[in-house]
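> my questions are about this predicted structure, shown below with the sequence.
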Amino acid sequence: MPDQPFGLRRIHQILVVVQDVDRATAFYRDILGIPLLFRAPPGLAFFDCAGVRLMLAPQEAGSEESHTSILYFGVDDIAAAAAELKARQVVFEEAPHLVAKLPDREVWIGLFRDSEGNRMALMSEPVT
């Protein structure tokens, strides 16, 4: 099968900004029945939605933005994906960078905005 041209196709994670992470965690876990994967600092909760990770997080301190979500597109090679998007005139607010070293993998994220000003991200989790 020939290689497909580059394109973002898989949502890896969705961020939902909440006022009270503990209250929202109880709602998503106990009322909606979404399996809780883990909690992480600083006040984050991660759920499994049939393979798409849902992250609950408080609004960043000092942030004037009123966004409520970020789509994290999963890619295998974040550097190559970022280079391709840059060639298509996408401007990254945060270049791809390491955000966490977990026992079995690393987590890399690069942030950009869509044409409407909504925050988007590339995310890669290479196995270590």
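In hand now; what should we look at? Given the structure is predicted, the values throughout are model-derived calculations rather than measurements.

> A80: how many residues sit nearby?
A80: 12 surrounding residues under other Cβ atoms under 10 Å. (Glycine included, C-beta is placed from N, CA and C.)

> look up phi and psi at it.
phi -70, psi -40 (degrees, to the nearest 10).

> relative to L98, how far out is it?
Remark: distance between A80 and L98 (Cβ to Cβ, to the nearest Å) = 16 Å.

> equivalent analysis for A24, please.
Per Cβ to Cβ, A24 is found 27 Å from L98.

> ditto for I14
From I14 across to L98, the span is 21 Å (Cβ to Cβ).

> which one's more surrounded, the two?
The residue with more neighbours, out of I14 and L98, is I14; 16 against 11, by other Cβ under 10 Å.

> OK, contacts around that one?
Neighbouring residues of I14 by Cβ atoms under 8 Å, 6 or more residues apart in numbering: 49, 52-55, 69-72.
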